[in-house]
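[1] With the input below, show me the fold.
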Amino acid sequence: MSTALLIGTTACSSDDNPSGEAPAPSTAQSAADRSGTTSSAPADIPASQVVAGLTGAGYKCARDGDYAICTTGPVAVWVLTGDHKRPPVVSLHSLGTAEKATADIAKVLPQALEIAHVAPAQRITEWFGQQAGKTTAKVTEGDWQVELSVEVDTEEPGAHLSLMDRLCKTDCVAE
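    A predicted model of the protein is given here:
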């Protein structure tokens, strides 16, 4: 089950303007829209709903301790479970060379962020795309601390992208 949020505006005009004044120009696009953000973030959903959304999108999910691990192809999406209003940690992992692992994560990142209701998803996705060739990088976007780690000279090379909820105050990491 994939949920899409579509936001649009429709303007109508008619000749029923009794004042004879010209209509005001449309201001439907706000400054937030022009900057790549939206004025309202997606509603928070608990980890159980994130896992259900990933399952509905074709991911295969299982529990491993405090995490639900949902895989699609070579990418695993880890969701920290618990009683939070939204998951305190969502991370994406893929094994392989740095180029392959980051490319694999890039393919599923927009959908995973949409399903998990992580915002601003577009800015996080764009930032991730700009990190090619780096082994570590960090950024704060919205309420999320985003960290990239790429393992190159290890027995299991791969890429790891972790998103941590900066608003989380208790039980924010796995024990």
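[2] Looking at strand pairing, list the partners for residue 67.
    residue 64, residue 80 (DSSP bridges).
[3] Tell me the predicted confidence for it.
    pLDDT, residue 67: 96.
[4] What number of neighbouring residues does it come out with?
    20 (other Cβ atoms under 10 Å). Where C-beta positions appear, they are placed from N, C-alpha and C, glycine not excepted.
[5] and the residue nearest the centre of the chain, helix, strand or coil?
    The chain has residue 113 as the residue nearest its centroid, 2.2 Å off, counting by Cα atoms, centre = their mean. Reduced to three states with DSSP: H, G, I helix; E, B strand; the rest coil, the structure at residue 113 is helix.
[6] same deal with residue 153?
    Residue 153 is classified as coil under three-state DSSP.
[7] where does the protein dip in pLDDT?
    Applying pLDDT under 70 to the chain flags the ranges 1-40, 175.
[8] Looks like residue 156 contacts residue 95 (just checking).
    Yes: in this structure, residue 156 is within contact of residue 95 by Cβ atoms under 8 Å, at 5.8 Å.
[9] Pick out whichever of those two has more residues nearby.
    The neighbour count for residue 156 versus residue 95, taken as other Cβ under 10 Å, is higher for residue 95 (16 against 7).
[10] what's near enough to touch that one?
    Residues near residue 95 by Cβ atoms under 8 Å, 6 or more residues apart in numbering: 74, 101, 156-158.
[11] Reformat the residues you listed as JSON lines; add secondary structure and distance to residue 148.
    As requested, the contacts of residue 95 are exported to JSON lines (DSSP: H, G, I helix; E, B strand; the rest coil; distance: Cβ to Cβ, whole Å):
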{"residue": "74", "secondary structure": "coil", "distance to residue 148": "17"}
{"residue": "101", "secondary structure": "helix", "distance to residue 148": "11"}
{"residue": "156", "secondary structure": "coil", "distance to residue 148": "17"}
{"residue": "157", "secondary structure": "coil", "distance to residue 148": "14"}
{"residue": "158", "secondary structure": "strand", "distance to residue 148": "12"}
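[12] out of the residues you listed, which one sits closest to residue 67?
    Distance to residue 67 across these (Cβ to Cβ) is lowest for residue 158, with 16.8 Å.
[13] any idea how far residue 135 is from that closest one?
    Separation of residue 158 from residue 135 (Cβ to Cβ, to the nearest Å) stands at 12 Å.
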